[in-house]
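Asks: Sequence below, structure please.
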Amino acid sequence: MANSASGMAVHDDCKLKFMELKAKRTHRFIVYKIEEKQKQVMVEKLGEPIETYEDFTASLPADECRYAVFDFDFVTEESVQKSKIFFIAWSPDTAKVRSKMIYASSKDRFKRELDGIQVELQATDPTEMGLDVFKSRAF
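Replies: Numbers count the residues shown, from 1 in each chain. Coordinates of the predicted model:
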């Protein structure tokens, strides 16, 4: 189903891989890209469970927008191991205006397709999604 605002469809693989991350923890992160010619959101990169936050941030292009999901593991003050699923709307200042507009107008519709997101982050530069930001938003 296309998004009425931007006309973007969501490839079935996007939801499938998200369900694998959520239910089976087969991925640490997923990077999604809008393919303008096909007018749909596609899976661009899957992070293996052993990959780190640094691997995740390295997979985001410095001057292009992306959506991403990151399974963030942390330990509470009570020493309980937990995890939260973060949705990141990556829209760097250096990205093209058209790209930023397309990603912004498609975000809510796309996010609704991914049932189970616990925290949302908007980031225009790496400091807005630093590990400290993840930690502070996880609790």
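Asks: Please count neighbours and contacts with C-alpha atoms only from this point.
Replies: Fine.
Asks: Am I right that Arg112 sits in a helix?
Replies: Yes: assessed with DSSP: H, G, I helix; E, B strand; the rest coil, Arg112 lies in a helix.
Asks: May I have the distance across stretch 32-40, first residue to last?
Replies: Taking Cα to Cα, to the nearest Å, the first and last residues of stretch 32-40 lie 10 Å apart.
Asks: Could I get the full set of helices for this protein?
Replies: 12-19, 53-58, 97-113, 131-138 (DSSP state H).
Asks: Tabulate those (TSV), appending mean pLDDT, distance to Ile30 and mean neighbour count.
Replies: Listed next are these as TSV, based on pLDDT from 0 to 100; distance: least, Cα to Cα, whole Å; neighbours: other Cα atoms under 10 Å:
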stretch	mean pLDDT	distance to Ile30	mean neighbour count
helix 12-19	97	8	17
helix 53-58	96	8	15
helix 97-113	95	13	16
helix 131-138	94	16	14
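Asks: quick one, which of the ones you listed is nearest to Val75?
Replies: Of all these, helix 131-138 sits nearest to Val75, with 9.7 Å by Cα to Cα.
Asks: Outside of that closest one itself, list whatever touches it.
Replies: With contacts defined as Cα atoms under 8 Å, 6 or more residues apart in numbering, helix 131-138 is touched by 53, 72, 74, 84, 119.
Asks: Do you know the pLDDT at the fourth one?
Replies: This means Lys84. Reading off the confidence values, Lys84 has pLDDT 96.
Asks: who's in contact with it?
Replies: Listed by Cα under 8 Å, 6+ apart, the contact set of Lys84 reads 71-73, 117-119, 138.
Asks: same check, this time on the second one
Replies: Each residue near Phe72 by Cα under 8 Å, 6+ apart is listed here: 28, 83-86, 134.
Asks: now do the last one
Replies: Applying Cα under 8 Å, 6+ apart, we find Val119 in contact with 84-87, 137-138.
Asks: Swap in 10 Å and give it another go.
Replies: For Val119, the contact set (Cα atoms under 10 Å, 6 or more residues apart in numbering) comprises 69-70, 84-88, 134, 137-138.
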